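Student: everything below, folded, please.
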Amino acid sequence: MDTSVSDARDPRQLAINLGCGRHPIASTPEVRWINIDALALPGVDWQYDLWQVPWPLPDESVDHVYSRFFLEHIPHTLPASHLDGFFAVWAEIWRVLKMGATTAHEVPWVLSMETWSD
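Tutor: Reported below is the predicted structural model:
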């Protein structure tokens, strides 16, 4: 996986879309999106198992982290490391974010009829 996230010739902010699945986000003139998923689906830029920590991203290299229906799939224990999955994934998000960066995540609403179907 190409982890060269910093490019002095590219002035755009860097954003990562965790577990993008079939919902990649297109880059814009202002933001370079890297869509990450464990499966090689259309639109996935980096095929990577996010349960493997640490992620191959430099510290403080990302301006924005986004996920849509990803966080609820974090295993209680990460298979390879036996770490607590929730804390390990959030520690990685924290590690790769630049100072002043943002993060946004969508998760199912508990009372939605489709919450338990995924």
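
Student: doesn't A91 lie inside a strand?
Tutor: No. With DSSP: H, G, I helix; E, B strand; the rest coil as the criterion, A91 is helix rather than part of a strand.

Student: and E30, how many neighbours?
Tutor: A total of 9 residues lie near E30 under the criterion other Cβ atoms under 10 Å. Using the backbone N, CA and C atoms, a C-beta is placed for each residue, glycine as well.

Student: residues contacting P54?
Tutor: The contact partners of P54, by Cβ atoms under 8 Å, 6 or more residues apart in numbering, come to E92, R95.

Student: which SS state does it fall under?
Tutor: Assignment for P54 (three-state DSSP): coil.

Student: per-residue pLDDT of it, please?
Tutor: At P54, the model reports a pLDDT of 95.

Student: now it: how far from S81?
Tutor: Plainly put, P54 is 10 Å away from S81 if you go by Cβ to Cβ, to the nearest Å.

Student: please apply the same query to W33.
Tutor: Between W33 and S81 the computed distance is 27 Å (Cβ to Cβ).

Student: in this protein, which residue is most central in space?
Tutor: For the chain, the residue nearest the mean C-alpha position is L18 (2.3 Å; Cα atoms, centre = their mean).

Student: more neighbours: which of W33 and S81?
Tutor: Taking other Cβ under 10 Å, W33 and S81 do not tie; W33 has more neighbours (21 against 13).

Student: show me where the chain has strands.
Tutor: 13-18, 31-37, 46-47, 62-68, 97-106 (DSSP state E).

Student: packing partners for the last one?
Tutor: What it means is strand 97-106. Here strand 97-106 touches strand 62-68, going by 3 or more Cβ pairs under 8 Å, 6 or more residues apart in numbering; DSSP states H and E.

Student: so what does the strand it packs on touch, helix or strand wise?
Tutor: Right, strand 62-68 is packed against strand 13-18, helix 85-96, strand 97-106 by 3+ Cβ pairs under 8 Å, 6+ apart.

Student: tell me which of these is the most buried.
Tutor: With neighbours taken as mean count of other Cβ atoms under 10 Å, these reach their highest mean count in strand 13-18, at a mean of 22.
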